[in-house]
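Participant: sequence first, then the predicted structure:
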Amino acid sequence: MEKIFKGMENGPEAIDSNFNELIDPKRDQTVNDMTVKGKIKTNGGQDMAIKVMNIGRLEIELRRVGSDVMLGLTGSIDASDWSSINNDNPIPLGFRPIMDYRFMASDNIGYAKISLGTDGIFFFRSRNNFDGGVMNTYNYKTNDSWPE
């Protein structure tokens, strides 16, 4: 963009050039705040899919970029040892792990062992002084087709 000032010799050409630059579809754009449902196309051409779901008092946030999935758990896990917590609401296709994924969820007191199966079902395995409150993030790979 060229600065325009009174009395410049090429004023009309500079104005025209500035307008052409503004309407160029390849021009970089910056957005400060944005809420998106679904798919985001980033500068690097990398697609991102986002899914948020709830199982009881547990919020599950899934973000997929390429074959990498970020799993965020926030809230409370209401389950007894050795039980499934989402038979009726599995993790959707597109976000499921390549193989059974086992991880630990921790709170201020203890921890719990949890598995996420390739079928999208969470299995609450056992606990050690765990009161159920979680705020954890995990990463794993998927080879599912891109989510709808």
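Facilitator: Thanks, I have it.
Participant: check what pLDDT the residue nearest in space to the middle of the chain gets.
Facilitator: The centroid of the chain falls nearest to residue 63 when counting by C-alpha atoms, centre = their mean (2.3 Å). In this model, residue 63 is scored at 95, pLDDT.
Participant: tell me who's in contact with it.
Facilitator: Residue 63 sits next to 48-50, 69-70, 72 when contact means C-beta atoms under 8 Å, 6 or more residues apart in numbering. No exception for glycine: its C-beta is placed from N, CA and C like everyone else's.
Participant: partner strands of the helix or strand where it lies, with direction?
Facilitator: Element membership for residue 63 (DSSP states H and E) is strand 58-65. Strand partners for strand 58-65, identified by DSSP bridges, are recorded as strand 47-55 (antiparallel), strand 68-76 (antiparallel).
Participant: for residue 93, which of those is the nearest?
Facilitator: strand 47-55 (10.5 Å; C-beta to C-beta).
Participant: outside of that closest one, which residues touch it?
Facilitator: Residues contacting strand 47-55 (C-beta under 8 Å, 6+ apart): 36-42, 59-66, 75, 85-86, 89, 91-92, 94-95, 122, 146-147.
Participant: quick one: the residue nearest to the centre of the chain from residue 52, how far?
Facilitator: The spacing between residue 63 and residue 52, counted by C-beta to C-beta, to the nearest Å, is 10 Å.
Participant: ok, residue 114 next?
Facilitator: Taking C-beta to C-beta as the measure, residue 114 and residue 52 are separated by 19 Å.
Participant: compare these two (neighbour count), which wins?
Facilitator: Set side by side, residue 114 and residue 52 show more neighbours around residue 114, with 23 against 11, by other C-beta atoms under 10 Å.
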